[in-house]
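J.: only geometry, no sequence info:
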């Protein structure tokens, strides 16, 4: 079983959901949502609509509480956990051992089992406040990143967004213990 977690980079949800639709053909997928992803309505859509869409695709409701995410290591082992999108906020929490959302709890519980965590980053501060957190996570065994690039180098010079379409190939590589290269496109 593969865990697939959503954080609050709402502008990337459609891209992430397209990948999720692909993955369910080859994997049993357990969806997970951060508090913000599960409860915030934005100009990109209503949270209830995203929850329904994700539930329909995976044929199960997403994990949306810390309590329900805690067993995702010892009691409910995952072959891999994907966080797509992973916000800068979640990345910073992971890098600093903070466990206060369903996604960070799922990641903590999952990493205790020494299985791959695949991060698909989407953040406006990747090349400023979060650069050190990217570095910290790259040093951790079992943590892999989906290759990323600047999405608008003029208007958002510190922003990086992963190539979501590469998630299926990156998952295969992560399951083999390999990081897809180049990391920055």
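T.: That came in fine, so what should we check first? Computed from a predicted model, the values in this text were never measured in an experiment.
J.: Would you mind measuring the gap between the ends of stretch 165-185?
T.: End-to-end distance of stretch 165-185 (CA to CA, to the nearest Å): 13 Å.
J.: correction: stretch 76-94
T.: End-to-end for stretch 76-94, by CA to CA: 20 Å.
J.: Please apply the same query to stretch 171-182.
T.: 15 Å.
J.: List the buried residues of it.
T.: Residues of stretch 171-182 classed as buried: 171, 173, 174, 179, 180 (neighbour count, 16 or more other CB atoms under 10 Å). Where you see a C-beta, it was placed from the backbone N, CA and C, and this is true even at glycine.
J.: so for that stretch, what's the average pLDDT?
T.: For stretch 171-182, the mean pLDDT works out to 98.
J.: In which helix or strand does the residue nearest the centre of the chain reside?
T.: By CA atoms, centre = their mean, the chain has its centre lying nearest to residue 83, at 1.0 Å. Residue 83 belongs to strand 80-86 when assigned by DSSP states H and E.
J.: Just read off the phi/psi values of the residue lying farthest from the centre of the chain.
T.: For the chain, the residue at maximal distance from the C-alpha centroid (CA atoms, centre = their mean) is residue 154, at 25.8 Å. Taking degrees, to the nearest 10, you get phi -90, psi -50 for the backbone angles of residue 154.
J.: Local confidence estimate at it?
T.: Listed pLDDT for residue 154 reads 88.
J.: Over to residue 126?
T.: Predicted confidence (pLDDT) for residue 126: 85.
J.: Which residue is the nearest non-sequential neighbour of it?
T.: residue 160 (3.6 Å; CB to CB, 6 or more residues apart in numbering).
J.: is it true that that neighbour touches residue 123?
T.: Yes. Counting by CB atoms under 8 Å, residue 160 touches residue 123, with 6.6 Å between them.
J.: Which one's more surrounded, the two?
T.: residue 123 (28 against 23; other CB atoms under 10 Å).
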